[in-house]
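Visitor: Structural data only, the sequence is not supplied:
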């Protein structure tokens, strides 16, 4: 089996999970807030984790009705 030639710039996008445009915009907005230091978690503490910021963005996108995969089930 042969794989297509994928250059480094497109490799990341090739394997990434696909979200709707609206979801991507929400995550982008939240990441900007995190970078500025204005993003707060539910408890009111400042968010410093990149993963937590992405999770907040996806959660907001779900609430807004964007097409986002379901949360992973807790084990």
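Guide: Arrived safely, thanks for sending. Keep in mind that this is a model prediction, so the values were computed, not measured. Residues are numbered from 1 along each chain as shown.
Visitor: In this structure, which helix is the longest?
Guide: helix 21-36 (DSSP state H).
Visitor: And that one, how far out from the chain middle?
Guide: With CA atoms, centre = their mean, to the nearest Å as the basis, helix 21-36 stands 8 Å off its chain's centre.
Visitor: contacts for that helix?
Guide: Under the contact criterion CB atoms under 8 Å, 6 or more residues apart in numbering, helix 21-36 has outside partners 19, 39, 47-48, 50, 53-54, 56-58, 60-61, 64, 66-68. Any C-beta I mention is one placed from the backbone N, CA and C, and that applies to glycine too.
Visitor: pLDDT on the helix or strand just after it, on average?
Guide: The helix or strand immediately downstream of helix 21-36 is helix 50-63, counting by DSSP states H and E. The average pLDDT for helix 50-63 rounds to 92.
Visitor: quick one, helix 50-63 and helix 21-36 angle?
Guide: Interaxial angle of helix 50-63 relative to helix 21-36 (axes from the mean of the first three to the mean of the last three CA atoms, to 10 degrees): 140 degrees.
Visitor: Give the ranges of residues in the chain that sit below the confidence cut-off.
Guide: Along the chain, the model assigns pLDDT under 70 to residues 1-17, 73-75.
Visitor: Now the residue most central in space within it. Nearest residue, chain neighbours left out?
Guide: Geometric centre of the chain, nearest residue: residue 54, 3.9 Å, by CA atoms, centre = their mean. The shortest distance from residue 54 to any non-neighbouring residue, by CB to CB, 6 or more residues apart in numbering, is to residue 27 (5.8 Å).
Visitor: and what of residue 62?
Guide: Closest residue in space to residue 62, ignoring its immediate chain neighbours: residue 68 at 5.1 Å, by CB to CB, 6+ apart.
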